[in-house]
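test case, fold it:
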Amino acid sequence: MTLTETEDAVRRRTAINDYLKRLLQHKELQVRVDQICTPNPLLSDYKCSQFVQFARKLARS
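Predicted coordinates:
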């Protein structure tokens, strides 16, 4: 393997790891949102939807 091929392989591996990390964070966030919104009768639908929108914005950043 040449140096360029090695660098490309490292970049690909890093990109894949970053993607998997963000995917895992998104799934964990979705689980937390579901835990907060679903069983909580005191949280109105409007506040729950606001919370979900906020959580999705965090996940994108």
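
pLDDT averaged over the helix or strand hosting R13 - what is it?
Element membership for R13, per DSSP states H and E: helix 3-37. Across helix 3-37, pLDDT averages out at 83.

need the next SSE after it, C-terminal direction.
helix 45-60.

now do that next one and helix 3-37, the angle between them.
Angle of helix 45-60 versus helix 3-37, following axes from the mean of the first three to the mean of the last three Cα atoms, to 10 degrees, is 170 degrees.

begin at 754, not 1, for the rest of this chat.
Sure, I'll start counting at 754 from here, so that last one is helix 798-813.

mind giving me the packing neighbours of helix 798-813?
helix 756-790 (3 or more Cβ pairs under 8 Å, 6 or more residues apart in numbering; DSSP states H and E). Bear in mind the C-beta positions are built from the backbone N, C-alpha and C, glycine included.

in contact with the residue positioned nearest the centre of the chain, which residues?
Per Cα atoms, centre = their mean, the C-alpha nearest to the average position across the chain is that of H779, at 2.1 Å. H779 makes contact with A812, according to Cβ atoms under 8 Å, 6 or more residues apart in numbering.

now it: how far from K810?
12 Å (Cβ to Cβ, to the nearest Å).

and if you look at T759?
Going from T759 to K810 by Cβ to Cβ gives 37 Å.

verify the stated contact: V805 with R785.
No: in this structure V805 lies outside contact range of R785 using Cβ atoms under 8 Å: 10.7 Å.

those two: which is more packed in?
V805 (16 against 12; other Cβ atoms under 10 Å).

and for the nearest residue in space to the more buried one that is not next to it in sequence, the neighbour number?
Excluding the flanking residues, the one nearest V805 by Cβ to Cβ, 6 or more residues apart in numbering is V786, at 5.5 Å. Counted with other Cβ under 10 Å, residues neighbouring V786 total 17.
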